[in-house]
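In: Here's a sequence, model it:
(one chain, ligands or ions: 1)
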Amino acid sequence: MIKLYAFRWVPDFAQGLVRDLRVRWALEEAGIPYETTLIGPDETETAEYRTLQPWGQVPVIEEDGLVLFESAAIVQYIADRSEALSPTDPMGRAKVAQWLFAAMNSVEPHVANLGNIDVFYADQEWAKLRRPSQEAFTRMKLASLAKRLDGKTWLEGRFTAADLMMVSVLRGLRHTDIVTSDPVLGPYVARGEGRPAFQRALAAQLAAFKDNAAATEAA
Ligand SMILES: N[C@@H](CCC(=O)N[C@@H](CS)C(=O)NCC(=O)O)C(=O)O
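Out: Residues are numbered from 1 along each chain as shown. Presented below is the predicted three-dimensional model:
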């Protein structure tokens, strides 16, 4: 069975956003069972964990001797064996890969840059000066995405791993109304979040945090 490494607990701002959620969601869409190994800072710093994930991050999966890190690579691996997440013809698969890379390379950095300013550096002078131009740049990138999505339910005709990753990335701005107020992107993310597989994945991630909250706060 696939073993998924996920965090035991994270602060509120990150709950529901930690990247193992993408993997849980993909596994739920594909109907593939998995088990979790919950870890924290004590484990991520160990040499043993660093052999699994060079930067001590999550997610990681292990299956039949395969160790895989990077959420996009893991989701692609799952999509490769489930028509629920990807067409099987080469051209269809290439299109899914295209949007999956776009989510990671052309959208996520701009979402993350704004999120990092807001969550980690909001009080710092440089962040206050930087924020307006970062928000404008992020909005510009999202406007181009919205233009491509306008009139469509999903990026490539039907729900695929590409949407799973794009929706996951856009959720990184949930602390703002930038996505939710957008007439195209808001409903797009809501459609993704409304999928039963997403709800199951989210519930599983949050349940782990709830279970471990008391122990973490006591420590
Ligand atoms: N590009 C990586 C990023 C992984 C990542 O940033 N994981 C975060 C949780 S969402 C993490 O482990 N942060 C703790 C750390 O960086 O020490 C992926 O998509 O898997």
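In: Near the ligand, which residues of this protein are found?
Out: 18-19, 55-59, 70-72 (CB under 6 Å from any ligand atom). The way it works is simple: take the backbone N, C-alpha and C, and place the C-beta from them, glycine included.
In: how about the lowest-mean-pLDDT helix or strand in the chain: buried residues?
Out: Lowest on mean pLDDT, DSSP states H and E among the helices and strands of the chain sits helix 196-218, with a mean of 89. Burial within helix 196-218, assessed by neighbour count using 16 or more other CB atoms under 10 Å, is assigned to 197-198, 201-202, 204-205, 208-209, 212.
In: Same check on stretch 122-136?
Out: Those would be 131, 134-135, for stretch 122-136 by 16+ other CB under 10 Å.
In: closest to residue 6 among these?
Out: residue 134 (29.2 Å; CB to CB).
In: Which secondary structure elements does the longest helix anywhere in the chain sit against?
Out: Selection of the longest helix in the chain by residue count, based on DSSP state H, yields helix 125-149. Counting contacts by 3 or more CB pairs under 8 Å, 6 or more residues apart in numbering; DSSP states H and E, helix 125-149 is packed against helix 108-120, helix 185-193.
In: What is the burial count for the residue in the chain positioned nearest to the ligand?
Out: At 3.0 Å from the ligand, residue 57 is the closest residue in the chain, using CB to the nearest ligand atom. Here the number of neighbours of residue 57 (other CB atoms under 10 Å) works out to 18.
In: Same check on residue 173?
Out: 23.
In: same deal with residue 54?
Out: 9.
In: what's the answer for the one 4 residues further on, then?
Out: Taking other CB under 10 Å as the neighbour definition, residue 58 ends up with a count of 22.
In: coming back round to it: could I have the buried ones of the residues of the chain next to the ligand as ChimeraX selection syntax?
Out: Command for ChimeraX that selects the buried part of the residues of the chain next to the ligand, burial taken from 16+ other CB under 10 Å:
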select :18,19,57,58,59,71,72
